[in-house]
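Engineer: Predicted model follows, preceded by the sequence.
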Amino acid sequence: MIQSISIQELLADPKPLIDVRSPGEFEQGHIPGAVNVPLFSDDERAHIGTVYVRRSRDEAMQIGYAYANPKKQWFIDEVRNVAPDGSVVIHCWRGGMRSRLFAEHLHENGFENISVITGGYKSWRRLLNEHWSKPHQVLILGGYTGSGKTPIVKKLQELGHQAIDLEGLACHKGSAFGAIGQKPQPTTEQFENNLYDIWSRFNPALPVWLEDESCNIGKVNLPAALFTQMRAAPVFFLDIPRSVRAEYLVTDYAAASIDDLKESILKISRRLGGQNVNQALQWLDEGNLYEVAFLSLSYYDKAYSRGLEFHDNKKVLMIAAESINTEKNTELILDEYERGK
């Protein structure tokens, strides 16, 4: 049996999900948890598209069949690995010919419970855009660079609070040094998909904690509607001495290579100024990481202060902390939050 289901029905009753789009489409963005069994390779898809535009639909379809037919057994084997009981959900870009033909092929070869998502991946993206446009309860964890905010986000998660590590999802720590030691960043589209996948499981009646960020984290952009709400949300700002934060950064980047650190310094050379850059590079050669961190913070603190001005000053709650102690600072933040309820 082949039936059509909405994206909402899939989310309410998840089943093994097969994305039959090309590998390039899948890499650009996909529903979290989906497995890519591409009907066509990237080159094959491009060829079919060119023939469709320049010649005819019928000729493009014939070429498509020629590409797909030799892979028929591979399709079956791959889907069997994902859905051995024969129950599976299929989708392509918009629920068109690719997913329909793929579903028919599965049905002809023993798969008994096949669903095709109406509107395909496009319906998922529409759902995301609708979600971000709605109002959300957001609480912002703020603090200058090196304040240990990400461990606090993780501590909040451990304590049962709704919190998301945006930098973890983006595979970037948000500064010129942020890519060091990280995996390659996802596309903005996939970042949004992963973010929604987490957020959709939260209780909408409770707030969500997020670390204060600019509109982009490395090369990844935050959803514009969410970023607007983050700017308007209460900010719980950890105010920790720069010297303490510099020591923390030395520990945090202890495993980084000197070459990577130099490259990061050069990324902010215009803002640091030539003399400071030369001094920082010399300190790196000498292994004086503390002075490099302290100097870099002089720039980042100013930049963060400018960003803080975009928040409503009445909603910025300053919380003094003497050290970077995750448990203690998490407690300070939660105490301030409870007092403001």
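Structural biologist: Okay, I see it. Keep in mind that what you see is a predicted model, and the values were worked out from it rather than measured. Residues are numbered from 1 along each chain as shown.
Engineer: Against which helices or strands is whatever helix or strand residue 116 lives in packed?
Structural biologist: Residue 116 belongs to strand 113-117 when assigned by DSSP states H and E. Counting contacts by 3 or more C-beta pairs under 8 Å, 6 or more residues apart in numbering; DSSP states H and E, strand 113-117 packs against strand 2-5, helix 7-12, strand 87-91, helix 97-108. C-beta coordinates here come from the backbone N, C-alpha and C atoms, glycine included.
Engineer: by how many degrees do it and strand 87-91 diverge?
Structural biologist: Note on geometry: by axes from the mean of the first three to the mean of the last three C-alpha atoms, to 10 degrees, strand 113-117 and strand 87-91 are set 20 degrees apart in direction.
Engineer: which residues touch strand 113-117?
Structural biologist: Residues external to strand 113-117 that are found in contact with it (C-beta atoms under 8 Å, 6 or more residues apart in numbering): 1-7, 10, 15, 86-91, 95, 99-100, 103, 106-107, 123-124.
Engineer: Buried residues, that strand. List them.
Structural biologist: Within strand 113-117, the residues scored as buried using 16 or more other C-beta atoms under 10 Å are 114-117.
Engineer: Against which helices or strands is the least confident helix or strand in the chain by mean pLDDT packed?
Structural biologist: In the chain, no helix or strand scores lower on mean pLDDT, DSSP states H and E than helix 269-272, which sits at a mean of 84. Applying 3+ C-beta pairs under 8 Å, 6+ apart, one finds that helix 269-272 contacts helix 289-308.
Engineer: what helices or strands is the helix it packs on leaning on?
Structural biologist: On a contact count with 3+ C-beta pairs under 8 Å, 6+ apart, helix 289-308 meets helix 242-252, helix 258-267, helix 269-272, helix 274-286.
Engineer: distance between the third one and the chain's centre?
Structural biologist: What that stands for is helix 269-272. A distance of 29 Å separates the centroid of the chain from that of helix 269-272, by C-alpha atoms, centre = their mean, to the nearest Å.
Engineer: One more: the first one?
Structural biologist: Between the centre of helix 242-252 and the centre of its host chain there is 26 Å, according to C-alpha atoms, centre = their mean.
Engineer: and what of stretch 289-307?
Structural biologist: Taking mean C-alpha positions (C-alpha atoms, centre = their mean), stretch 289-307 and its chain are 26 Å apart.
Engineer: Please parse this protein into its domains.
Structural biologist: Domain ranges of the chain: 2-128, 136-340, per automatic domain parsing.
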